[in-house]
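Colleague: just the structure for this:
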Amino acid sequence: MAGVDRPIRIARIIARLNVGGPARHTVLLTAGLDARRFTTTLITGTVAPGEGDFAFLARERGLAPLVIPELQRAMRPGRDLVALVKLVRLLRGLKPDILHTHTAKAGALGRIAARLAGVPVQVHTFHGHVLEGYFSPVMSRVFLAIERALARGTDRIIVLSPRLREAMLRLGVGRPEQLVVVPLGLELDRFAAVRRERRLLREELGIPAEVPLAGSIGRLAPIKDHETLWRALALCTGARAPHLAVVGDGEWRERLEKLARDLGIDSRIHFLGWRHDLESILAGLDVVISSSRNEGTPVALIEAMAAGVPVLSTDVGGVGDLVVHGETGWLVPPADPGAMAESLQRILTDPLNAAAVAARARNVVLARHDVRSLIARMEALYTELMEEKWYQCKIEDRH
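Modeller: Take a look at the predicted model:
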């Protein structure tokens, strides 16, 4: 590569390695880059109480992240200032060519630290659309102003889907030439190898083999709007009313357990907590449902589609770039239990059509969201950025 005769040094920052798409994406990207061309230091904070921890995923791949305890998701000015100071010192010592940040908190503190430490190239990935729906209107405006300011000094802003790119531009975050779509990349081979088996999961849950079983996978948090899903299930009645396997945990678990009791569907909702045998779970599901009010590119849907499981989701964020209604899955409006219940019952009562849709979806995600494609795209982007910076410096030297 022009101007560089050693591996490109990358510092990668994420606020926490909690169970979810951003952490998985970050670990796989860090571990997968060609070590002859890139050296990467992974910097992270700590997970909050009650969150699933993905640190084991990094260790399994031979990574030893540098942990800054003060780097956490929640906003606390004193702690955030300490994290910023530590990041500046760390970056000055590492002298990376590229800083690549993931998620909002790491993106803010990391890019400020990069400017103070003189890091030549800055890249930030939006893993979701946190500027709408996550916070109060006042705080959303504050965060939007921060993101607009940070974008001006960022060389590339990565989004996971075309819809998210359009949303960022609509909000004034970045310029068209800065915003690059790089789809989420995951290890999908193990899901593609799943053999559908209804019996085993139903035996574990103590429900008859013929009972329909849906699945919900992810954090139990307000933005995921499980309440809409619960109310949709309550509308599905009769002898073959579907049950729901809930994989995940979070701060809303007790609230959701109470709502299930209040709606009279607690016997049909099975809380499984965080599980590491997701292939076994997917093998027994008839459909995977996402009820979120906002999403980027949901990992749970990608993995379900790779396993050949039909998916039903609210049409929010970047989901529409992943799920084409009636072709690779089904979409319903957010916060609409009636529409969700109607679509769910339609899927469950027409298994042949559901299987055909799931087969098309499987082919799409295996081609678009495999980790090998992600790594190839990112290696090309990092190389392009370094060459741009080298030529820019040569031009400046001439003047």
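
Colleague: going forward, measure contacts and count neighbours with C-alpha atoms only.
Modeller: Fine.

Colleague: just checking, what packs against the strand or helix carrying residue 374?
Modeller: Using DSSP states H and E, residue 374 sits in helix 371-398. Helix 371-398 makes packing contacts with helix 21-32, strand 121-126 when contacts are defined by 3 or more CA pairs under 8 Å, 6 or more residues apart in numbering; DSSP states H and E.

Colleague: beyond the first one, next helix or strand please.
Modeller: Past helix 21-32, further along toward the C-terminus, the next helix or strand under DSSP H and E is strand 38-44.

Colleague: just checking, what packs against that next one?
Modeller: Packed next to strand 38-44, using 3+ CA pairs under 8 Å, 6+ apart, are strand 8-14, strand 66-67.

Colleague: out of those, deepest packed?
Modeller: Across those, averaging neighbours per residue (mean count of other CA atoms under 10 Å) puts strand 8-14 on top, at a mean of 23.

Colleague: what sits up against that strand?
Modeller: 23, 26, 30, 37-45, 91, 94-103, 105-107, 110 (CA atoms under 8 Å, 6 or more residues apart in numbering).

Colleague: got the angle between the helix holding residue 374 and strand 121-126?
Modeller: Using axes from the mean of the first three to the mean of the last three CA atoms, to 10 degrees, the inter-axis angle of helix 371-398 relative to strand 121-126 is 150 degrees.

Colleague: which parts of helix 371-398 are buried?
Modeller: Of the residues in helix 371-398, 371-375, 379, 381-383, 385-387, 389-390 count as buried by neighbour count, 16 or more other CA atoms under 10 Å.

Colleague: can you list the domain ranges for this protein.
Modeller: Structural domains annotated on the chain: 8-185+370-398, 189-368, as defined by automatic domain parsing.

Colleague: how many neighbours does residue 172 have?
Modeller: Residue 172: 16 surrounding residues under other CA atoms under 10 Å.

Colleague: do residue 303 as well
Modeller: 26.

Colleague: then it would be within a helix, right?
Modeller: Yes - residue state for residue 303 (DSSP: H, G, I helix; E, B strand; the rest coil) corresponds to a helix.

Colleague: low-confidence regions, the stretch 101-250 of the chain specifically.
Modeller: Applying pLDDT under 70 to the stretch 101-250 of the chain picks out residues 129-135.

Colleague: show me where it has its strands.
Modeller: Along the stretch 101-250 of the chain, counting by DSSP state E, counting those that start in this stretch, strands occupy 121-126, 156-159, 179-181, 213-217, 243-247.

Colleague: can you list the strands that the second one pairs with?
Modeller: Here strand 156-159 is paired, per DSSP bridges, with strand 121-126 (parallel), strand 179-181 (parallel).

Colleague: tell me which of those strands sits most buried.
Modeller: Highest mean neighbour count among the strands paired with strand 156-159 (mean count of other CA under 10 Å): strand 121-126, with a mean of 23.

Colleague: sorry, back to before: nearest to residue 340, of the helices and strands packed on helix 371-398?
Modeller: Checking the helices and strands packed on helix 371-398 against residue 340 by CA to CA gives helix 21-32 as the closest, at 24.0 Å.

Colleague: elements contacting the closest one?
Modeller: With contacts defined as 3+ CA pairs under 8 Å, 6+ apart, helix 21-32 has these neighbours: strand 8-14, helix 55-60, helix 371-398.

Colleague: mind putting those into CSV with mean pLDDT?
Modeller: Formatted as CSV, these follow (pLDDT from 0 to 100):
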stretch, mean pLDDT
strand 8-14, 97
helix 55-60, 90
helix 371-398, 83
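
Colleague: residue 323 against residue 329, yeah?
Modeller: Yes - counting by CA atoms under 8 Å, residue 329 is a contact partner of residue 323 at 5.5 Å.

Colleague: shared neighbours of those two, which are they?
Modeller: Here residue 323 and residue 329 have residue 361 as joint contacts, going by CA under 8 Å, 6+ apart.

Colleague: closest one to residue 253 among the strands paired with strand 156-159?
Modeller: Among these, strand 121-126 comes nearest to residue 253, with 26.9 Å by CA to CA.

Colleague: with only the CA atoms kept, save that closest one in CSV.
Modeller: Extracted in CSV, the C-alpha atoms of strand 121-126 (Å, rounded to 0.1, in the frame of the first residue of the first chain):
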residue,chain,number,x,y,z
VAL,A,121,-8.1,8.6,10.8
GLN,A,122,-11.4,8.2,12.6
VAL,A,123,-14.2,5.8,11.8
HIS,A,124,-17.5,5.3,13.6
THR,A,125,-20.1,2.6,13.2
PHE,A,126,-23.8,3.2,14.1
